[in-house]
Structures are given as C-alpha cells and as structure tokens.
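Novice: 3D, please:
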Amino acid sequence: MALFKKLMAYYVIECPSCGAYQATSSRQTLKCKYCNKSRTLASAKGHSTANIIATLPTPQAASLAVKAANEKRAKK
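Specialist: Below is the predicted model of the structure:
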C-alpha cells in the first residue's frame, strides 16, 4: 500500500493592521502574533482581509521568506 504525503501550502501573510509578516498553514483565519488581531484569509466570496505575499511548499521556505520580509520592512 502506497502512502501519499498530504501536500500543504504555507502562506506568508502581511497583517493589514500592523504591517508585520508571518507564516501560517491556515487557509481560513490568521491571528497576528504582533498585534493580536484576527483576520480572514479567504471568505465565501473570495475576498481577503489579509495580504497573502507568497505561497510556499515547506515551512522552512516560509520561515526564510518571513525573515527576509521583516528585515526589509525594518530597514525602511
């Protein structure tokens, strides 16, 4: 019997309230770890209240992208 690994997507999100970047594997909601506000990633009508910056295949890649985005944001 063959086992198939479930493919997950990891999202790099920009919080619209505080502008911080973070990674999540959630497809519905995000609670910002910096400002504690909850945001919807996708609604029934396809609208989003959080900005999805990138979709990556591994948590390591998402973590590196978040670090780079936050460093770039800090330099501004």
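Novice: so how far is the worst-scoring helix or strand of the chain on mean pLDDT from its chain's centroid?
Specialist: Evaluated with mean pLDDT, DSSP states H and E, the helix-and-strand set of the chain has its lowest mean pLDDT in strand 38-40, which scores a mean of 84. Strand 38-40 has its C-alpha centroid displaced from the chain centroid by 11 Å (Cα atoms, centre = their mean, to the nearest Å).
Novice: residues in contact with the next helix-or-strand element following it: which ones?
Specialist: Beyond strand 38-40 on the C-terminal side, the first helix or strand identified by DSSP states H and E is strand 51-56. Contacts made with strand 51-56 from outside it, assessed by Cβ atoms under 8 Å, 6 or more residues apart in numbering, are listed as 9-14, 16, 21, 41, 62, 65, 69. C-beta: built from backbone N, CA, C; applies to glycine.
Novice: for the chain, just list every one of the helices.
Specialist: With DSSP state H as the criterion, the chain has helices at 59-75.
Novice: one step back: could you dump the contacts of strand 51-56 to JSON lines with pLDDT, distance to residue 49 and neighbour count?
Specialist: As requested, these are exported to JSON lines (pLDDT from 0 to 100; distance: Cβ to Cβ, whole Å; neighbours: other Cβ atoms under 10 Å):
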{"residue": "9", "pLDDT": "88", "distance to residue 49": "19", "neighbour count": "14"}
{"residue": "10", "pLDDT": "92", "distance to residue 49": "19", "neighbour count": "20"}
{"residue": "11", "pLDDT": "90", "distance to residue 49": "14", "neighbour count": "20"}
{"residue": "12", "pLDDT": "92", "distance to residue 49": "16", "neighbour count": "22"}
{"residue": "13", "pLDDT": "90", "distance to residue 49": "10", "neighbour count": "24"}
{"residue": "14", "pLDDT": "90", "distance to residue 49": "11", "neighbour count": "18"}
{"residue": "16", "pLDDT": "85", "distance to residue 49": "6", "neighbour count": "14"}
{"residue": "21", "pLDDT": "93", "distance to residue 49": "16", "neighbour count": "21"}
{"residue": "41", "pLDDT": "77", "distance to residue 49": "8", "neighbour count": "17"}
{"residue": "62", "pLDDT": "94", "distance to residue 49": "20", "neighbour count": "22"}
{"residue": "65", "pLDDT": "95", "distance to residue 49": "21", "neighbour count": "18"}
{"residue": "69", "pLDDT": "92", "distance to residue 49": "19", "neighbour count": "19"}
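Novice: sounds good, over and out.
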